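# any chance you could fold what I've pasted below:
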Amino acid sequence: MPLLHTAINARTVLSAAASALLVKAIASQLIPRQLQSHLVSKLHRFFSAFSTQLTLVVDEFQGMKPNQIFEAAHVYLGAKVSNSHADRITVGKGDKDKNLTTAVGRNQQISDTFGTIHVTWKLVHARSRPSTNSNPNHWGFEFADEARSYEITFHKRHLQEVLHDYLPYVVSRSKILLRQNGREISIHTTRRRGRWNPEAIRLDHPMSFDNLAMDPELKKALVEDLNTFVNGKAYHRRIGRAWRRSYLLSGPPGSGKSSLVAAMARLLGYDVFYLDLTEVRRGSELKSLLSSTPRRSMLVVEDVNVAEQSYNVMQTLAGLRSCCADEQVVVLTSTAGYEDGFGRVDVHVRLSYCGFAAFRQLAFSYLRIDEHELFPAVEKLLAEVDVAAAEIAGVLLTKSGEDAESAVRGVIALLDARKSRRRVEMDGGVDADGSKRSVSDSESSCNLAQRSSRRGGLRRRGRPVRVVL
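Residues are numbered from 1 along each chain as shown. The predicted model follows:
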């Protein structure tokens with residue numbers, strides 16, 4: 001009986017399918033093509049009314065001009081396709097490209113998330129009707145144009161967010177990716193009489209946020225702040241503020257301020273302009289330099305705490321705010337701690353001495369290990385002594401030709417030596433021969449400042465991200 005019932009069901013399905021094909025054939029002969037299209041459109045509209053999904057179509061061209069959103073999406077999705085589940089990826093490399101470029105393959109879907117919005121992209125290729133070219137030089141060959149478009153599918157309730165927030169983000173992010181992949185980042189320096197040196201230097205620093213030895217929470221907060229700035233054009237226009245962001249990087253020597261500047265430049269894709277205050281003699285020269293700094297650039301002023309110009313740092317900051325170009329990042333570096341004199345910067349990044357998380361990043365970068373039996377000993381010593389990440393990197397670099405254990409033991413030896421020296425200082429300056437040496441007030445203050453700088457953090461003006469003690 002079950003077999004008989006299955007056979008009857010199969011016969012019913014086949015009969016219905018045959019009837020449907022017969023009806024379709026008769027309809028295609030009796031019903032005009034225009035009326036067929038009209039009926040299909042009506043049916044599609046009827047069933048779409050019950051769907052919660054909405055699809056936006058982004059054509060490759062608007063008339064005869066390229067569609068900016070399509071081009072931006074092609075770049076943006078190309079950077080994501082390698083981490084997707086796509087089974088068809090387009091790969092290429094141009095003469096001026098630094099790296100291989102990837103793109104979405106034909107009819108492939110890519111998922112993306114923007115806040116709480118889930119978006120699905122699909123690259124659609126539509127082949128148009130072939131037409132014979134009337135140009136005699138083409139020998140009457142038929143050419144078929146292929147129209148490409150992206151289909152963006154998401155929930156209907158997110159339409160406004162997609163139009164006004166998500167798509168502008170895709171466009172701005174694609175510009176950064178183009179700058180990162182399209183050409184090298186340049187470094188510009190100052191020359192006398194308020195001019196930038198016309199001979200730029202290529203930024204050949206390999207540092208990025210992926211291999212930067214930095215506290216993970218601080219790194220995440222800083223990357224989020226930079227991305228928020230990049231996408232903040234509409235926000236700054238709405239509140240009536242210039243579209244720029246200023247950062248103060250403070251920390252002891254060797255804490256990674258220069259590496260962080262390089263990582264920020266690579267993330268943003270901005271050219272770097274180093275402002276040497278020793279080359280600036282008058283306020284008019286400073287104003288000339290600032291007014292000639294282009295948009296989409298990073299202005300860096302190093303060691304602002306030791307500048308000895310006739311004007312102070314506050315005047316410099318005021319000049320930065322009044323003269324800088326739009327869409328610009330200003331970075332100040334200082335070896336001093338947080339001071340009220342730097343209160344006008346938007347974000348204060350306090351870089352600490354090397355912690356265990358930063359050490360693990362260094363160990364992975366130099367030795368390709370993320371765990372070792374000696375790591376607990378390193379973690380314990382790092383909690384007791386102050387050592388810059390650059391010092392540990394130097395040890396790992398000199399030991400890179402040896403095995404991982406020898407390199408880690410070299411780090412432990414450095415930390416043990418630093419611990420012994422600190423014990424001598426805490427005992428009142430007793431040297432190895434038993435003699436005492438005097439410790440000046442300034443040296444004591446310096447040691448106190450160094451110990452307090454071990455706790456890194458990031459503070460935005462008006463709303464601290466993490467408490468900086």
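
# could you use CA atoms for every contact and neighbour count after this?
Noted.

# in the stretch 51-200 of the chain, which spans are helices?
68-78, 159-161, 167-182 (DSSP state H, counting those that start in this stretch).

# can I get the CA coordinates of the last one in CSV?
These are the backbone C-alpha positions of helix 167-182, laid out as CSV (Å, rounded to 0.1, in the frame of the first residue of the first chain):
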residue,chain,number,x,y,z
LEU,A,167,26.1,53.1,1.5
PRO,A,168,28.0,56.3,2.4
TYR,A,169,30.2,54.1,4.6
VAL,A,170,30.8,51.8,1.7
VAL,A,171,31.9,54.7,-0.5
SER,A,172,34.2,56.2,2.1
ARG,A,173,35.8,52.9,3.0
SER,A,174,36.4,52.1,-0.7
LYS,A,175,38.4,55.4,-1.0
ILE,A,176,40.7,54.2,1.8
LEU,A,177,41.1,50.8,0.2
LEU,A,178,42.0,52.4,-3.1
ARG,A,179,44.6,54.6,-1.5
GLN,A,180,46.1,51.6,0.3
ASN,A,181,46.2,49.4,-2.8
GLY,A,182,46.5,52.0,-5.5
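
# what's the average pLDDT for it?
Here helix 167-182 scores 80 as its mean pLDDT.

# report pLDDT for residue 193.
The model reports residue 193 with a pLDDT of 69.

# of the helices of the stretch 51-200 of the chain, which stretch is the most buried?
Highest mean neighbour count of those: helix 68-78, a mean of 20 (counted as mean count of other Cα atoms under 10 Å).

# that helix versus helix 167-182: what angle between them?
Calculated by axes from the mean of the first three to the mean of the last three Cα atoms, to 10 degrees, helix 68-78 forms an angle of 60 degrees with helix 167-182.

# now for helix 68-78, which elements pack on it?
If you count contacts as 3 or more Cα pairs under 8 Å, 6 or more residues apart in numbering; DSSP states H and E, helix 68-78 packs onto strand 53-59, strand 101-104, helix 167-182.

# a markdown table for these, including distance to residue 399?
Shown next, in a markdown table, are the helices and strands packed on helix 68-78 (distance: least, Cα to Cα, whole Å):
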| stretch | distance to residue 399 |
| --- | --- |
| strand 53-59 | 54 |
| strand 101-104 | 36 |
| helix 167-182 | 32 |
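
# between these, which one is nearest to residue 160?
Closest of these to residue 160 is helix 167-182, at 10.3 Å (criterion: Cα to Cα).

# now do the closest one: which elements does it pack against?
Here helix 167-182 touches helix 68-78, helix 257-268, going by 3+ Cα pairs under 8 Å, 6+ apart.

# if you set the cut-off to 6 Å instead, what comes out?
helix 68-78 (3 or more Cα pairs under 6 Å, 6 or more residues apart in numbering; DSSP states H and E).

# what is the rounded mean pLDDT of the helix it packs on?
88.

# need the residues that contact that helix.
58, 60, 102, 103, 104, 171, 174 (Cα atoms under 6 Å, 6 or more residues apart in numbering).

# go again with 7 Å.
58, 59, 60, 102, 103, 104, 170, 171, 173, 174 (Cα atoms under 7 Å, 6 or more residues apart in numbering).

# so what's the closest residue in space to residue 78 that isn't next to it in sequence up against?
Excluding the flanking residues, the one nearest residue 78 by Cα to Cα, 6 or more residues apart in numbering is residue 103, at 4.0 Å. With contacts defined as Cα under 7 Å, 6+ apart, the neighbours of residue 103 are 74, 77, 78, 81, 89, 90, 91.

# go again using 6 Å as the cut-off
78, 89, 90.

# same question for residue 249.
So residue 249 contacts 333, 349 (Cα under 6 Å, 6+ apart).

# confirm it sits in a helix?
No: using DSSP: H, G, I helix; E, B strand; the rest coil, the assignment for residue 249 is strand, not a helix.

# in the sheet, who's paired with it?
Counting by DSSP bridges, residue 249 is bridged to residue 333, residue 349.

# distance check, it against residue 214.
13 Å (Cα to Cα, to the nearest Å).
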